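Enquirer: here you go, sequence then predicted model.
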Amino acid sequence: MCFASVQTMSQEVAFSMNNFHRLRSPVTMMKLWHYFLFCCLIAQSACATIVNLSAPILGWSTWNEFRGNINESLIREVADAMESSGLLDAGYTYINLDDAWASYERNASGHMTADPSKFPNGMHALSAYVHAKGFKFGLYTARNNRTCGGTMPGSLGYEQLDADTFAAFGADFVKNDDCRVVYANAVKDYGAMQEAIANAPRPMLHNVKAPDLPAAAAPGVCQLRRVGKDIKNSFENLVRVLDTGMSDAFAAKVGPRENFFNDFDMMEVGSDDGNVVGSPKLTDVEQRAHFSLWAALKSPMVLGNDPRNMSASTLTILLNKEVLAVNQDVLAVPVRLVSRALHPGASTADRKTVLRPCNSHDVSQMWITVSTANGSAVELRNVAMATGTGDDTTVSQHRDRAASTCMGVWNCETKWPWWISTAPCASTQAANSSAGNPRGRDGSIPPKPRCSIADTQRWRWVSLGTNHSQPSTSGVMGLQWVPQHFSSARACWGSPGSGCCLSAEGANVEIDTCGWPENISQQAWQWQDVDTDRAPPAVDRSRQPPRLQSSVHRLGAIPTTATSPRQLVSQWNGHCLSLAGDLEVYAGPLQPPTSAHTESATATSVKTVSSSVTAATVVLFNRSPVEANMTVVFSDLARTIGLTPSGRCGSGNGGVPMAVRDLWAHADLGVHQGEFTASVAPHGVVHVNLLPPPAHHAC
């Protein structure tokens, strides 16, 4: 409707301009000019367009801390606290209401309305209060008939009505969630809301979540796209979200030109989020790692804590202007993983498993199988830690080695979902040894464990059919978890007796009900000899998400004992089961400040964008539970992110010189030649900016 109005006004202006020779009097010309300006203003207000993002947003959301327990007083108090604490001045401008703000049903005219018991003065009054302080205001919906919590309507089929309603409420941001719509058309559904927002009478951001939304299509239907499942307040879940977001499923280009950023989910810094029962919450060290990684990845920095009750350490993290400046850098280029390695000093630690592109030279992807004592199951042992060498070591050096690190279920003592890690094989440990996978999410061993260490590491090959309760002999093979002393069947979702099978979930690996229809292709695996030149099986991406097709590669017989290293290839995405690196280096280009080596300069982006990469931000991330010395080699960054020496200083005998600024110590660490090494705490980061050397430095 608004586009038609603008078209009509444009035609009237065009008619007047075409008859310019008849309208030469000053009074007439002034009227025409005023009319033209009036048309522009009407067009701007009547046809709001999608917001243009120059950087990821900063703000706060209700969900992590409060879930659906929200009301008008809470939101006003949070706005007051964010203003008085300095969060608003630091750039945290969005206040977003998540699920459970609306009434259970639409009103007689079909509109969503605020829940009167929670928001007696309505949404418009609340947004006016928030806007008056300088904040922006966000609301929540979902692409379904109901939202994820089920307490309010979703927007499926009501996109334009809801977008207009949100605009009338004064919203600047719309979170559009994804629940129970696995086979819905994400591009169509989110595209409908994107178009509705474009036609609404107020500019609004569109944030979506959809595991089946192709990376290439995402920038066309939203400005912010969630990666993976909901974040939870634990280190195990933090790295799970990180690995998901770094996978090729979320490889869309981001930045102001694309008007699009990947959203790694709300922050858990300072949160009392207890939605991981029994799990230790993030420590201060882990929270700093969380903050630096999200900032460097150019994720929105949306807080999930209670701003009314913040500790001094929480506020110190959230107000780190130097790290926030990396997130808001004018280049808006996220860091990428430039190197990873296994920590030789953490050989007995649990290691998360991930799916990575198959690489016949990556030892962390090499597995052997060893039959259990009674022959009823197998252990899958990873070869990499047989000698503690890590990545990129010749596979032949490990052939027939007695690998002693087994794949197992990480937290079988607590409720599903269960994730997969490796730990010392129980069968190689003494009977009274406590080595092996953690028994509970808090890492403790219960007095009477319901699943033993050995139970976590027992697997068998099974056939998977399209009917999860009746496995067929189709030849599609799965790996079923078969603990001896604990019933996995009653723990996984689905029909009793199906059991739990190894399942690909994006870049992560977990267990789920064997043969569950939505997941069956995620549970199909190929046991591949790395000595052959055979390519991984083709992946059917014609459906979103991919489902098992008749052309799926059929596996031959699987030996119960295989001493030659092989790769385990997922039919879901063609990637190989790997160990996650303990020591990871992330790096990305950075716009150099006008004058280096001061906090104020580092924290201020400049308007002019350099044509070459002369500065970088680097995050050294130690995922292991053991302190580690980590090194970034500057010449490696030339290959991976295009870092080039400044015009004044080339690469001498000692390599490229770079000035190093520590963003957590707020200290200049001097000019380093060729590389920089730092000691990194367990589960911690060292976050530095690499800058051109100062003018007085002798090259």
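Expert: Yep, that arrived. Numbers count the residues shown, from 1 in each chain.
Enquirer: hey, let's count contacts and neighbours off CA atoms from now on
Expert: Fine.
Enquirer: now do the helices in this structure.
Expert: Applying DSSP state H to the chain gives helices spanning 2-18, 26-46, 63-66, 72-85, 87-90, 122-132, 159-169, 186-199, 235-245, 284-296, 312-318, 321-327, 599-602, 634-640.
Enquirer: check those helices for me and report the most buried one.
Expert: For the helices of the chain, the stretch with the most neighbours on average is helix 321-327, a mean of 25; neighbours defined as mean count of other C-alpha atoms under 10 Å.
Enquirer: what's the mean pLDDT across it?
Expert: The average of the pLDDT scores along helix 321-327 is 98.
Enquirer: same question, stretch 242-260
Expert: For stretch 242-260, the mean per-residue pLDDT is 90.
Enquirer: quick one on the thing from earlier: got TSV for the helices of the chain, with distance to residue 376 too?
Expert: Rendered in TSV, the data for the helices of the chain read as follows (distance: least, C-alpha to C-alpha, whole Å):
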stretch	distance to residue 376
helix 2-18	69
helix 26-46	70
helix 63-66	44
helix 72-85	57
helix 87-90	58
helix 122-132	61
helix 159-169	54
helix 186-199	43
helix 235-245	31
helix 284-296	41
helix 312-318	51
helix 321-327	52
helix 599-602	60
helix 634-640	47
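Enquirer: nearest to residue 622, out of those helices?
Expert: When these are compared by C-alpha to C-alpha, helix 284-296 sits nearest residue 622, at 9.1 Å.
Enquirer: export stretch 360-373 to CSV, keeping only CA atoms.
Expert: As requested, C-alpha coordinates have been extracted for stretch 360-373 and formatted as CSV (Å, rounded to 0.1, in the frame of the first residue of the first chain):
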residue,chain,number,x,y,z
SER,A,360,44.1,-37.5,5.2
HIS,A,361,47.0,-35.7,7.0
ASP,A,362,45.1,-34.8,10.1
VAL,A,363,45.8,-37.4,12.8
SER,A,364,43.0,-36.2,15.0
GLN,A,365,40.6,-37.7,12.4
MET,A,366,42.2,-41.2,12.5
TRP,A,367,40.4,-43.9,14.5
ILE,A,368,40.9,-47.6,15.1
THR,A,369,38.4,-50.1,16.6
VAL,A,370,39.1,-52.6,19.3
SER,A,371,36.7,-55.3,20.3
THR,A,372,35.6,-55.5,23.9
ALA,A,373,36.5,-58.5,26.0
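Enquirer: buried stuff in it?
Expert: For stretch 360-373, the buried set under the neighbour-count rule, 16 or more other C-alpha atoms under 10 Å, comprises 360, 362, 363, 364, 365, 366, 367, 368, 369, 370, 371, 372.
Enquirer: out of the helices of the chain, nearest to residue 141?
Expert: Of all the helices of the chain, it is helix 159-169 that lies closest to residue 141, at 8.9 Å by C-alpha to C-alpha.
Enquirer: tally of neighbours for the nearest residue to residue 224 once chain neighbours are set aside?
Expert: Counting by C-alpha to C-alpha, 6 or more residues apart in numbering, the nearest residue to residue 224 once its immediate chain neighbours are dropped is residue 207, at 4.5 Å. The number of residues packed near residue 207 is 23, by other C-alpha atoms under 10 Å.
Enquirer: so residue 207 bridges to which residues?
Expert: Residue 207 has the following beta-bridge partners by DSSP bridges: residue 175, residue 224.
Enquirer: which residues does it contact?
Expert: Residue 207 makes contact with 173, 174, 175, 176, 222, 223, 224, 225, 226 under the criterion C-alpha atoms under 8 Å, 6 or more residues apart in numbering.
Enquirer: can we see that at 6 Å?
Expert: Taking C-alpha atoms under 6 Å, 6 or more residues apart in numbering as the contact definition, residue 207 lies against 175, 176, 222, 224, 225.
Enquirer: likewise for residue 407?
Expert: The contact partners of residue 407, by C-alpha under 6 Å, 6+ apart, come to 380, 421, 422, 457.
Enquirer: top of those by neighbour count?
Expert: Highest neighbour count within the contacts of residue 407, by other C-alpha under 10 Å: residue 457, with 31 neighbours.
Enquirer: ok, the contacts of residue 407 vs residue 266, which is closest?
Expert: The closest of those to residue 266 turns out to be residue 421 (C-alpha to C-alpha; 25.1 Å).
Enquirer: quick check: bridge partners of the closest one?
Expert: Going by DSSP bridges, residue 421 is paired in beta bridges with residue 352, residue 408.
Enquirer: can you check residue 480 too?
Expert: Note on residue 480: beta-bridge partners residue 460, residue 501, judged by DSSP bridges.
Enquirer: does it touch residue 460 like I think?
Expert: Yes. Using C-alpha atoms under 6 Å, residue 480 is in contact with residue 460, at 5.4 Å.
Enquirer: who has more neighbours out of the two?
Expert: Neighbour count, other C-alpha under 10 Å: between residue 480 and residue 460, residue 480 has more, with 25 against 20.
Enquirer: in strands, which of the buried residues of stretch 360-373 appear?
Expert: 367, 368, 369, 370, 371 (DSSP state E).
Enquirer: and the gap between the residue nearest to residue 224 and residue 58?
Expert: Using C-alpha to C-alpha, to the nearest Å, we find residue 207 at a distance of 13 Å from residue 58.
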